[in-house]
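Engineer: Structure for the following, please:
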Amino acid sequence: MIGNTRRVLIVTGVSALAWLYLLLAHGGFWRTTWRLPEGRPPGRWPAVVAVVPARDEADVLPLTLPTLLGQDYPGPFRVVLVDDASTDGTAQAARAVGTGRLDVVRSEGPPPGWAGKVAAMETGVRAASDGEYLLFTDADIAHPPDGVRRLVAAAVGDDRALVSQMALLRTETVWERLIVPAFVYFFSLLFPFGKVNDPSSRVGAAAGGCMLVRQEALERAGGLAAIKDALIDDVAFGKLIKSGGHRTWLGLTTSVSSRRPYATLKDLWHMVARSAYTQLRNSPLLLVGCVLGLLLIFVVPPLAVVAGPTETRLLGLLGWVVMAGTYVPMLRFYRLPVWLAPALPAVAVLYTAMTVDSARRHWLGRGAAWKGRTAKTCQ
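Structural biologist: Here you go, the predicted model:
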């Protein structure tokens, strides 16, 4: 009995120490103050081309494309929308919205060895040779009228080759409120924005909904061909640009927003499960390590408080309090009640199940499925 208590005490202590490390020394991952820096207007506004890969997006384009076409950018600006082998009239929907700033190009799908979205982005790049900067953005993303101007000012003003903003996701349904803030929280836990923005750190990442990149820096890094098979393309993109020795920046925003609904648990489950195992490099060993790590970090503290020996409860409470405390800023960012913070362990269990299911889908040949494509057919 004493031996069992000692082992539980050790595990709970390790979990509490892990949370103290994450709180104090993990790049301030829990901070939500990473907002787009204000840059001085450049003497000359460079030419910008927005590249929008779109696969079966006819429903959402009337809501989002006008926000791009209506930019008040002072320099040359246009939009290239890539109709990625759509079957729902995406090109027609885009042209119905479009103005002289819009070019619609067709992609018949990825060539061998290329992931679907990256191949569509490459098609857009080939049609955007006149752009000194490229703005990669998703079809479901809406932008404020001054969005491109502020991105360019931040990039040029501090010599950043890549400036990326994580779009604000919807939190209208019960499941969105429960899972979406945790999704962003876990992303920042994996890729702390402070480390991404630190030139001396090797951590690189970006958010695919809004990535402004200097085209010359992309070309010097090898272009999109260097990440042609990447299924988590935004993280690979951020690492690619930063590995070339360039300054990059990643942060949060409330003005760039996603209009794509994830109304049900099934929708959100698929959003996470389609790429979670890819993030683990499709490795069973990393999967086991991830599951054990999630249980140690997120599940052990509340278990120690609720069902552990008396000697472990104080350590468990310490870990649980720090965990909930680091989640509060994200809940406030999404304007959700802070009393949801102690429920983070339950959400982490859900994410663990999604990760395991992601591996199951991969083993069944349905990995990274998106609009009729899987990992095998995307590449």
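Engineer: Quick one: mean pLDDT for stretch 270-280?
Structural biologist: Taken as a whole, stretch 270-280 has a mean pLDDT of 88.
Engineer: Keeping just the C-alphas, turn that stretch into CSV.
Structural biologist: Extracted in CSV, the C-alpha atoms of stretch 270-280 (Å, rounded to 0.1, in the frame of the first residue of the first chain):
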residue,chain,number,x,y,z
HIS,A,270,-13.3,15.2,-38.1
MET,A,271,-11.5,18.5,-38.1
VAL,A,272,-9.1,17.2,-35.5
ALA,A,273,-8.9,13.5,-36.5
ARG,A,274,-8.1,14.1,-40.1
SER,A,275,-4.6,15.5,-39.3
ALA,A,276,-3.8,14.6,-35.6
TYR,A,277,-1.9,11.4,-36.5
THR,A,278,-0.1,13.2,-39.3
GLN,A,279,1.2,15.6,-36.7
LEU,A,280,2.7,12.5,-35.0
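Engineer: start at 580 instead
Structural biologist: That works, and once the first residue is 580, the last one we named lands at stretch 849-859.
Engineer: so G649 makes contact with D725?
Structural biologist: No. Using C-beta atoms under 8 Å, G649 is not in contact with D725, being 10.6 Å away. Quick note: C-beta positions are derived from backbone N, CA and C, even for glycine.
Engineer: how about the strands of the stretch 730-879 of the chain, start to end?
Structural biologist: Using DSSP state E, counting those that start in this stretch, the strands of the stretch 730-879 of the chain run over 741-747, 789-793, 827-837.
Engineer: Throw those strands into CSV and include mean neighbour count and mean pLDDT, thanks.
Structural biologist: Formatted as CSV, the strands of the stretch 730-879 of the chain follow (neighbours: other C-beta atoms under 10 Å; pLDDT from 0 to 100):
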stretch, mean neighbour count, mean pLDDT
strand 741-747, 26, 98
strand 789-793, 25, 98
strand 827-837, 21, 97
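Engineer: for those strands, which one sits closest to D638?
Structural biologist: Closest to D638 of these is strand 827-837 (C-beta to C-beta; 13.7 Å).
Engineer: any low-confidence regions in this protein?
Structural biologist: The chain contains residues with pLDDT under 70 at 580-582, 946-958.
Engineer: show me the contacts for the most centrally placed residue in it.
Structural biologist: Taking C-alpha atoms, centre = their mean, the centroid of the chain lies closest to A786, which sits 4.3 Å from it. Contacts here follow C-beta atoms under 8 Å, 6 or more residues apart in numbering; on that basis A786 touches 743-746, 813, 829.
Engineer: List just the nearest of those residues to V628.
Structural biologist: Closest to V628, out of all of the contacts of A786 and judged by C-beta to C-beta, is S743, at 16.6 Å.
Engineer: can you count the residues close to the closest residue in space to that closest one that isn't next to it in sequence?
Structural biologist: In space, and not counting its chain neighbours, S743 is closest to A785: 3.9 Å by C-beta to C-beta, 6 or more residues apart in numbering. A785 has 30 neighbouring residues, counting by other C-beta atoms under 10 Å.
Engineer: go on, I589?
Structural biologist: 12.
Engineer: For the helix or strand harbouring it, list the C-alpha coordinates in CSV.
Structural biologist: In this assignment (DSSP states H and E), I589 forms part of helix 581-604. The C-alpha trace of helix 581-604 is given here as CSV (Å, rounded to 0.1, in the frame of the first residue of the first chain):
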residue,chain,number,x,y,z
ILE,A,581,2.8,2.4,0.9
GLY,A,582,4.6,1.5,-2.3
ASN,A,583,1.5,2.3,-4.4
THR,A,584,1.0,5.6,-2.6
ARG,A,585,4.6,6.5,-3.3
ARG,A,586,4.3,5.7,-7.0
VAL,A,587,1.1,7.8,-7.3
LEU,A,588,2.8,10.6,-5.4
ILE,A,589,5.8,10.5,-7.9
VAL,A,590,3.5,10.6,-10.9
THR,A,591,1.4,13.4,-9.5
GLY,A,592,4.6,15.3,-8.6
VAL,A,593,5.9,14.9,-12.2
SER,A,594,2.6,16.2,-13.5
ALA,A,595,2.7,19.2,-11.2
LEU,A,596,6.3,20.0,-12.1
ALA,A,597,5.5,19.8,-15.8
TRP,A,598,2.8,22.4,-15.4
LEU,A,599,5.1,24.7,-13.5
TYR,A,600,7.6,24.4,-16.4
LEU,A,601,4.9,25.0,-19.0
LEU,A,602,3.7,28.1,-17.0
LEU,A,603,7.1,29.6,-16.5
ALA,A,604,9.4,28.4,-19.3
